[in-house]
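**Q** How does the following fold in three dimensions:
(chains A and B)
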Amino acid sequence: MEIKDLDCLYEACPIPLIRAIQALRTMQTGDILVVHSDESCAAVMMQEWAQQNGYSIRVTESDVGEWEIYLQKP
Amino acid sequence: MKRWIKKAWPYWAGGLLLGGLNVLLLSLSGQAWQVSGGYLLWGAGILQKLGVPALTWDYFEVYNTRYRQIIADDSVFLNQYTILNLGVVAGALLATLVSSQFKWKKVKNKKQVAFALLGGILMGYGSRLAGGCNIGGFFSGLASFSLHAWVFWLFVAVGAFVGTRLLLRFLVR
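**A** Numbers count the residues shown, from 1 in each chain, chains lettered A, B, ... in the order given. From the prediction side, this is the model:
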(Lines give C-alpha, C1' and ligand atoms only; values in the text may rest on other atoms or scores of the structure.)
Protein backbone atom coordinates (compact mmCIF):
# COMPACT_ATOMS: atom_id res chain seq x y z
CA MET A 1 0.00 0.00 0.00
CA GLU A 2 1.37 3.33 -1.10
CA ILE A 3 0.58 6.78 0.26
CA LYS A 4 0.94 9.66 -2.16
CA ASP A 5 0.68 13.41 -1.51
CA LEU A 6 -0.86 15.82 -3.99
CA ASP A 7 -0.23 19.51 -3.40
CA CYS A 8 -3.23 21.46 -4.69
CA LEU A 9 -2.81 24.49 -2.43
CA TYR A 10 -3.79 27.81 -4.03
CA GLU A 11 -5.44 26.03 -6.92
CA ALA A 12 -9.05 26.86 -7.70
CA CYS A 13 -11.88 24.37 -8.17
CA PRO A 14 -12.28 22.16 -10.13
CA ILE A 15 -8.51 21.76 -10.66
CA PRO A 16 -7.89 19.80 -7.38
CA LEU A 17 -10.54 17.20 -8.29
CA ILE A 18 -9.25 16.81 -11.87
CA ARG A 19 -5.67 16.40 -10.65
CA ALA A 20 -6.78 13.90 -7.98
CA ILE A 21 -8.60 11.78 -10.58
CA GLN A 22 -5.49 11.85 -12.79
CA ALA A 23 -3.24 10.85 -9.89
CA LEU A 24 -5.56 8.03 -8.75
CA ARG A 25 -5.53 6.57 -12.27
CA THR A 26 -1.84 5.68 -11.86
CA MET A 27 -2.34 4.10 -8.40
CA GLN A 28 -3.17 0.58 -7.22
CA THR A 29 -6.08 -0.80 -5.17
CA GLY A 30 -5.67 0.11 -1.50
CA ASP A 31 -3.33 3.03 -2.20
CA ILE A 32 -4.14 6.31 -0.47
CA LEU A 33 -3.97 9.75 -2.06
CA VAL A 34 -3.70 12.74 0.28
CA VAL A 35 -4.89 15.94 -1.42
CA HIS A 36 -3.88 19.23 0.19
CA SER A 37 -6.25 22.06 -0.70
CA ASP A 38 -7.35 25.47 0.60
CA GLU A 39 -10.64 25.48 -1.30
CA SER A 40 -13.63 24.34 0.77
CA CYS A 41 -15.39 23.33 -2.45
CA ALA A 42 -12.61 20.84 -3.25
CA ALA A 43 -13.65 18.67 -0.28
CA VAL A 44 -17.34 18.98 -1.18
CA MET A 45 -16.70 18.01 -4.82
CA MET A 46 -14.45 15.09 -3.86
CA GLN A 47 -16.95 13.73 -1.35
CA GLU A 48 -19.60 13.68 -4.07
CA TRP A 49 -17.19 12.16 -6.57
CA ALA A 50 -15.94 9.52 -4.10
CA GLN A 51 -19.49 8.46 -3.27
CA GLN A 52 -20.36 8.09 -6.97
CA ASN A 53 -17.23 6.07 -7.71
CA GLY A 54 -17.00 3.89 -4.61
CA TYR A 55 -13.87 5.45 -3.09
CA SER A 56 -13.45 5.71 0.69
CA ILE A 57 -12.87 9.30 1.69
CA ARG A 58 -11.95 11.19 4.84
CA VAL A 59 -11.67 14.96 5.10
CA THR A 60 -9.91 16.84 7.89
CA GLU A 61 -9.44 20.57 8.31
CA SER A 62 -5.68 20.54 8.94
CA ASP A 63 -5.30 24.30 9.40
CA VAL A 64 -7.43 27.43 9.19
CA GLY A 65 -8.93 27.28 5.70
CA GLU A 66 -6.84 24.26 4.72
CA TRP A 67 -7.97 20.72 4.17
CA GLU A 68 -6.44 17.27 3.83
CA ILE A 69 -8.57 14.93 1.77
CA TYR A 70 -7.75 11.21 2.02
CA LEU A 71 -8.92 9.07 -0.89
CA GLN A 72 -8.42 5.30 -0.94
CA LYS A 73 -8.63 3.47 -4.26
CA PRO A 74 -11.17 0.60 -4.09
CA MET B 1 -25.33 25.59 14.80
CA LYS B 2 -21.60 24.99 14.25
CA ARG B 3 -22.33 22.56 11.45
CA TRP B 4 -24.66 25.12 9.86
CA ILE B 5 -21.96 27.80 9.85
CA LYS B 6 -19.03 25.56 8.92
CA LYS B 7 -20.44 23.50 6.12
CA ALA B 8 -21.02 24.79 2.58
CA TRP B 9 -24.72 25.39 1.94
CA PRO B 10 -26.41 23.45 -0.85
CA TYR B 11 -26.95 25.27 -4.17
CA TRP B 12 -30.74 25.36 -3.75
CA ALA B 13 -30.43 27.18 -0.40
CA GLY B 14 -28.07 29.78 -1.89
CA GLY B 15 -30.32 30.17 -4.92
CA LEU B 16 -33.45 30.70 -2.83
CA LEU B 17 -31.67 33.21 -0.63
CA LEU B 18 -30.23 35.16 -3.56
CA GLY B 19 -33.61 35.20 -5.31
CA GLY B 20 -35.39 36.39 -2.18
CA LEU B 21 -32.81 39.10 -1.50
CA ASN B 22 -32.99 40.30 -5.11
CA VAL B 23 -36.79 40.68 -4.80
CA LEU B 24 -36.26 42.60 -1.56
CA LEU B 25 -33.66 44.85 -3.20
CA LEU B 26 -35.93 45.52 -6.19
CA SER B 27 -38.91 46.36 -3.99
CA LEU B 28 -36.89 48.66 -1.71
CA SER B 29 -34.65 50.42 -4.24
CA GLY B 30 -36.56 50.00 -7.51
CA GLN B 31 -33.54 48.33 -9.08
CA ALA B 32 -32.54 44.68 -9.47
CA TRP B 33 -29.04 43.51 -8.52
CA GLN B 34 -26.14 44.40 -10.84
CA VAL B 35 -22.43 43.93 -10.27
CA SER B 36 -20.11 44.70 -13.18
CA GLY B 37 -21.66 48.11 -13.97
CA GLY B 38 -20.18 49.39 -10.71
CA TYR B 39 -16.67 48.30 -11.72
CA LEU B 40 -17.20 49.80 -15.17
CA LEU B 41 -17.90 53.17 -13.54
CA TRP B 42 -14.84 52.83 -11.29
CA GLY B 43 -12.62 51.95 -14.26
CA ALA B 44 -13.94 54.80 -16.39
CA GLY B 45 -13.60 57.18 -13.42
CA ILE B 46 -9.96 56.15 -12.84
CA LEU B 47 -9.16 56.63 -16.54
CA GLN B 48 -10.83 60.05 -16.39
CA LYS B 49 -8.62 60.99 -13.42
CA LEU B 50 -5.57 59.87 -15.42
CA GLY B 51 -6.55 62.24 -18.23
CA VAL B 52 -8.35 59.78 -20.54
CA PRO B 53 -11.87 61.15 -21.28
CA ALA B 54 -13.53 57.76 -20.75
CA LEU B 55 -16.76 59.14 -19.28
CA THR B 56 -17.58 60.96 -22.52
CA TRP B 57 -16.96 57.93 -24.74
CA ASP B 58 -19.76 56.88 -27.09
CA TYR B 59 -20.26 53.79 -24.94
CA PHE B 60 -22.08 55.89 -22.32
CA GLU B 61 -23.68 58.31 -24.81
CA VAL B 62 -25.02 55.93 -27.42
CA TYR B 63 -24.67 52.27 -26.48
CA ASN B 64 -25.17 51.98 -22.74
CA THR B 65 -27.02 55.08 -21.57
CA ARG B 66 -28.30 53.91 -18.19
CA TYR B 67 -25.28 55.30 -16.29
CA ARG B 68 -25.80 58.83 -17.69
CA GLN B 69 -27.37 60.17 -14.50
CA ILE B 70 -24.56 58.84 -12.27
CA ILE B 71 -21.94 60.41 -14.57
CA ALA B 72 -23.88 63.69 -14.67
CA ASP B 73 -24.04 63.67 -10.86
CA ASP B 74 -20.25 63.14 -10.74
CA SER B 75 -20.72 60.06 -8.52
CA VAL B 76 -18.95 57.30 -10.45
CA PHE B 77 -17.05 56.19 -7.32
CA LEU B 78 -19.86 56.45 -4.81
CA ASN B 79 -23.23 55.18 -6.00
CA GLN B 80 -25.71 52.34 -5.46
CA TYR B 81 -23.48 49.86 -7.34
CA THR B 82 -20.49 50.68 -5.14
CA ILE B 83 -22.56 49.95 -2.04
CA LEU B 84 -23.79 46.63 -3.48
CA ASN B 85 -20.28 45.58 -4.53
CA LEU B 86 -18.77 46.47 -1.15
CA GLY B 87 -21.64 44.49 0.39
CA VAL B 88 -20.64 41.42 -1.62
CA VAL B 89 -17.04 41.66 -0.39
CA ALA B 90 -18.11 42.35 3.20
CA GLY B 91 -20.59 39.44 3.14
CA ALA B 92 -18.02 37.01 1.75
CA LEU B 93 -15.48 38.15 4.35
CA LEU B 94 -18.04 37.72 7.14
CA ALA B 95 -18.90 34.22 5.92
CA THR B 96 -15.23 33.09 5.89
CA LEU B 97 -14.62 34.69 9.29
CA VAL B 98 -17.59 33.10 11.08
CA SER B 99 -16.67 29.70 9.65
CA SER B 100 -13.05 30.47 10.68
CA GLN B 101 -11.74 29.67 7.21
CA PHE B 102 -10.17 33.05 6.45
CA LYS B 103 -6.81 32.70 4.77
CA TRP B 104 -4.50 34.84 2.65
CA LYS B 105 -4.03 32.96 -0.57
CA LYS B 106 -0.71 32.82 -2.29
CA VAL B 107 0.00 32.73 -5.99
CA LYS B 108 0.89 29.24 -7.20
CA ASN B 109 2.84 30.20 -10.31
CA LYS B 110 3.13 32.77 -13.10
CA LYS B 111 0.83 30.80 -15.36
CA GLN B 112 -1.95 31.12 -12.79
CA VAL B 113 -1.47 34.93 -12.72
CA ALA B 114 -1.49 35.15 -16.52
CA PHE B 115 -4.67 33.07 -16.82
CA ALA B 116 -6.43 34.94 -14.02
CA LEU B 117 -5.64 38.29 -15.64
CA LEU B 118 -6.60 37.11 -19.11
CA GLY B 119 -9.82 35.56 -17.81
CA GLY B 120 -10.73 38.68 -15.84
CA ILE B 121 -10.16 40.95 -18.83
CA LEU B 122 -12.20 38.70 -21.14
CA MET B 123 -15.05 38.47 -18.61
CA GLY B 124 -15.08 42.19 -17.97
CA TYR B 125 -14.93 43.10 -21.65
CA GLY B 126 -17.57 40.51 -22.55
CA SER B 127 -19.92 41.71 -19.83
CA ARG B 128 -19.68 45.26 -21.24
CA LEU B 129 -20.48 44.08 -24.76
CA ALA B 130 -23.38 42.00 -23.45
CA GLY B 131 -24.64 44.94 -21.38
CA GLY B 132 -24.39 43.03 -18.09
CA CYS B 133 -22.54 40.28 -16.27
CA ASN B 134 -23.94 37.00 -14.99
CA ILE B 135 -25.76 38.92 -12.25
CA GLY B 136 -27.26 41.96 -14.01
CA GLY B 137 -27.48 40.29 -17.42
CA PHE B 138 -28.44 36.77 -16.43
CA PHE B 139 -29.64 36.42 -12.84
CA SER B 140 -31.69 39.64 -12.66
CA GLY B 141 -32.65 39.38 -16.34
CA LEU B 142 -34.06 35.88 -15.93
CA ALA B 143 -36.10 36.95 -12.91
CA SER B 144 -37.55 39.80 -15.02
CA PHE B 145 -38.75 37.30 -17.68
CA SER B 146 -36.49 38.98 -20.22
CA LEU B 147 -35.55 37.08 -23.36
CA HIS B 148 -32.00 38.46 -23.33
CA ALA B 149 -31.17 36.40 -20.23
CA TRP B 150 -31.91 33.15 -22.11
CA VAL B 151 -29.65 34.22 -24.98
CA PHE B 152 -27.02 35.15 -22.36
CA TRP B 153 -27.39 31.68 -20.77
CA LEU B 154 -26.91 29.94 -24.12
CA PHE B 155 -23.64 31.73 -24.78
CA VAL B 156 -22.43 31.31 -21.20
CA ALA B 157 -22.84 27.57 -21.80
CA VAL B 158 -20.73 27.85 -24.99
CA GLY B 159 -18.12 29.89 -23.08
CA ALA B 160 -18.07 27.39 -20.20
CA PHE B 161 -17.48 24.53 -22.68
CA VAL B 162 -14.56 26.34 -24.33
CA GLY B 163 -13.25 27.44 -20.91
CA THR B 164 -13.27 23.86 -19.61
CA ARG B 165 -11.29 22.72 -22.65
CA LEU B 166 -8.71 25.49 -22.07
CA LEU B 167 -8.54 24.64 -18.35
CA LEU B 168 -7.87 20.96 -19.05
CA ARG B 169 -5.33 21.82 -21.74
CA PHE B 170 -3.35 24.53 -19.95
CA LEU B 171 -4.05 24.62 -16.19
CA VAL B 172 -4.05 20.93 -15.22
CA ARG B 173 -0.60 19.48 -15.58
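**Q** Tell me who's in contact with B:Gln48.
**A** Shown here is B:Gln48, whose contacts under the criterion CB atoms under 8 Å, 6 or more residues apart in numbering or on different chains are B:54-55, B:76. In this view, the C-beta of every residue, glycine as well, is placed from N, C-alpha and C.
**Q** Return the residues of chain A in contact with chain B.
**A** Residues of chain A lying close to chain B (CB under 8 Å from any CB of the partner chain) are A:9-11, A:14-15, A:18-19, A:22, A:38, A:40-41, A:44, A:64-66.
**Q** What's the ChimeraX line that selects buried ones from those?
**A** Buried residues within those, by 16 or more other CB atoms under 10 Å in any protein chain shown, are selected in ChimeraX with:
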select /A:9,10,11,14,15,18,19,38,40,44,65,66
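**Q** Okay, and which of the residues of chain A next to chain B map to helices?
**A** A:15, A:18-19, A:22, A:40-41, A:44 (DSSP state H).
**Q** Distance to B:Tyr67 and pLDDT added to those residues, as CSV?
**A** Converted to CSV, these look like this (distance: CB to CB, whole Å; pLDDT from 0 to 100):
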residue, distance to B:Tyr67, pLDDT
A:Ile15, 36, 94
A:Ile18, 40, 95
A:Arg19, 42, 95
A:Gln22, 46, 95
A:Ser40, 36, 87
A:Cys41, 34, 89
A:Val44, 38, 91
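**Q** Would you list the phi and psi of the closest residue to chain B within chain A?
**A** Residue of chain A nearest chain B, by CB to the nearest CB: A:Gly65 (3.3 Å). Dihedral angles of A:Gly65 (phi, psi; degrees, to the nearest 10) stand at phi 70, psi 20.
**Q** Do you know the pLDDT at the closest residue to it other than its chain neighbours?
**A** Spatial nearest neighbour of A:Gly65, excluding adjacent residues (CB to CB, 6 or more residues apart in numbering or on different chains): B:Lys103 at 3.3 Å. B:Lys103 carries a pLDDT value of 89.
**Q** try B:Ser140
**A** So B:Ser140 comes in at 95 (pLDDT).
**Q** Quick check: buried residues in the helix or strand containing it?
**A** Assigned by DSSP states H and E, B:Ser140 falls within helix B:140-143. Within helix B:140-143, the residues scored as buried using 16+ other CB under 10 Å are B:140-141, B:143.
**Q** excluding its backbone neighbours, what's nearest A:Leu71?
**A** Leaving aside its sequence neighbours, A:Leu71 sits nearest to A:Leu33 (CB to CB, 6+ apart; 4.6 Å).
**Q** what about the one you found, how many neighbours?
**A** Residues lying near A:Leu33 (other CB atoms under 10 Å in any protein chain shown) number 24.
**Q** Now tell me what touches the helix or strand hosting it from outside.
**A** Assessed by DSSP H and E, A:Leu33 sits inside strand A:32-37. Residues from elsewhere that reach strand A:32-37 (CB under 8 Å, 6+ apart): A:1-9, A:11, A:16, A:19-20, A:23-24, A:27, A:42-43, A:46, A:62, A:66-73.
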